[in-house]
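*Asks:* could you work out the structure for the sequence below:
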Amino acid sequence: MDPHSSFESPWTLDSAAPEGPVCRWELPTDDQNYEKGRAERMKGRKIRLRQTDLTVKTAAELRRFAHFLGVDVKDCLEKGELVEKIGRSPQVLIVSADEAECGSSPSMPREPMFSPEDLEKTSISDLKAIMERLAVKGSSSNEKAELIRHLHDAGLVLSEAEARSRRESAQTTADVEMSSSNPTPSPPLAQRSVGQLKALAKELGIGLDGCLEKTDIVNRIESSPAFKC
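*Replies:* Residues are numbered from 1 along each chain as shown. Predicted coordinates for the structure are as follows:
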């Protein structure tokens, strides 16, 4: 697949088990009582991804997808590290192309998986690819608002409350994991070498034209949306 072509959505939801019916994948929340039951019910249920669904994406796109999954990738400097971190997520199952196609049956139950904010940032070509992969009618339209409306009608878009709850839950999980494992944090940008900063900027697709000093590079990276994803 051409990495510059329209994105074919990897967000196909079903049970990780090869047998049995397709199951609902319940979104995480910040309700501790609900989470106890949800964690038990969701054992073995994962989002199916082909390896190429990850490798063809840019680093910035992988960071946005990691944010969608609630995967902490702040310590990842290279694209390969992002792919590996997402692939190791307990929410992800890497499958072959044939298995991925089997999981995209139009008869699958719908589960909200996209936030309104993320869809607004998605290109029209990517929205069309998502709709075609998930068998959502209306992908022939060239109006972004119309495409998003069809995704809404198909039950694939989170409400604002659900999207907010998901972000808060992901942040809480990341904070708990960080405090429990006490990992060595990545050094602040100001403490990294110029070479490391340039490599990070290149990986994130951030231009450094006009940056003559190290502080200029740091400021340029910190002000980029790609770094904040």
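
*Asks:* touching, Leu134 and Ala154? I think so.
*Replies:* Yes: with contact defined as C-beta atoms under 8 Å, Leu134 counts as touching Ala154 (7.4 Å). Just so you know, the C-beta spots here come from the backbone N, C-alpha and C atoms, and that holds for glycine as well.

*Asks:* which of the two has more neighbours?
*Replies:* Looking at Leu134 and Ala154 with other C-beta atoms under 10 Å, you find the greater number of neighbours at Leu134, namely 20 against 16.

*Asks:* for that one, give its distance to Ser140.
*Replies:* When C-beta to C-beta, to the nearest Å is applied, the distance between Leu134 and Ser140 equals 15 Å.

*Asks:* same deal with Cys211?
*Replies:* As for Cys211, its distance to Ser140 is 44 Å (criterion: C-beta to C-beta).

*Asks:* with neighbour numbers in mind, choose between the two.
*Replies:* Per other C-beta under 10 Å, whichever of Cys211 and Ser140 has more neighbours is Cys211, with 19 against 10.

*Asks:* so what's the more buried one up against?
*Replies:* 217, 220 (C-beta atoms under 8 Å, 6 or more residues apart in numbering).

*Asks:* where does it land in three-state SS?
*Replies:* Here Cys211 is recorded as coil under DSSP: H, G, I helix; E, B strand; the rest coil.

*Asks:* equivalent analysis for Asp75, please.
*Replies:* The three-state assignment at Asp75 reads coil, by three-state DSSP.

*Asks:* and it, what's its pLDDT?
*Replies:* pLDDT, Asp75: 88.

*Asks:* what's the domain layout of the protein?
*Replies:* Domain assignment of the chain by automatic domain parsing yields the ranges 12-112+164-177, 187-228.

*Asks:* for this structure, where's the lowest mean pLDDT among helices and strands?
*Replies:* Ranked by mean pLDDT, DSSP states H and E, the helix or strand of the chain with the weakest confidence is strand 12-15, at a mean of 39.

*Asks:* give me the below-cutoff pLDDT ranges for this structure.
*Replies:* When residues are selected by pLDDT under 70, those of the chain lie in 1-46, 68, 96-110, 170, 172-186, 228-229.

*Asks:* which residues of it fall in helices?
*Replies:* The residue ranges that make up the helices of the chain, judged by DSSP state H, are 32-41, 51-55, 59-69, 79-87, 97-102, 116-121, 124-133, 144-153, 160-181, 194-204, 214-222, 225-228.

*Asks:* figure out which of those helices is closest to Pro188.
*Replies:* When these are ranked by distance to Pro188, counting by C-beta to C-beta, first place goes to helix 214-222 at 8.8 Å.

*Asks:* show me what counts as buried in the closest one.
*Replies:* By neighbour count, and taking 16 or more other C-beta atoms under 10 Å as the criterion, the buried residues in helix 214-222 are 217-218, 220-221.

*Asks:* residues near Ser193, how many?
*Replies:* Counted with other C-beta under 10 Å, the neighbours of Ser193 add up to 10.

*Asks:* burial measure for Glu61, as a count.
*Replies:* Glu61 is flanked by 19 other residues according to other C-beta under 10 Å.

*Asks:* could you measure from it over to Gly138?
*Replies:* With distances defined as C-beta to C-beta, the gap from Glu61 to Gly138 amounts to 24 Å.
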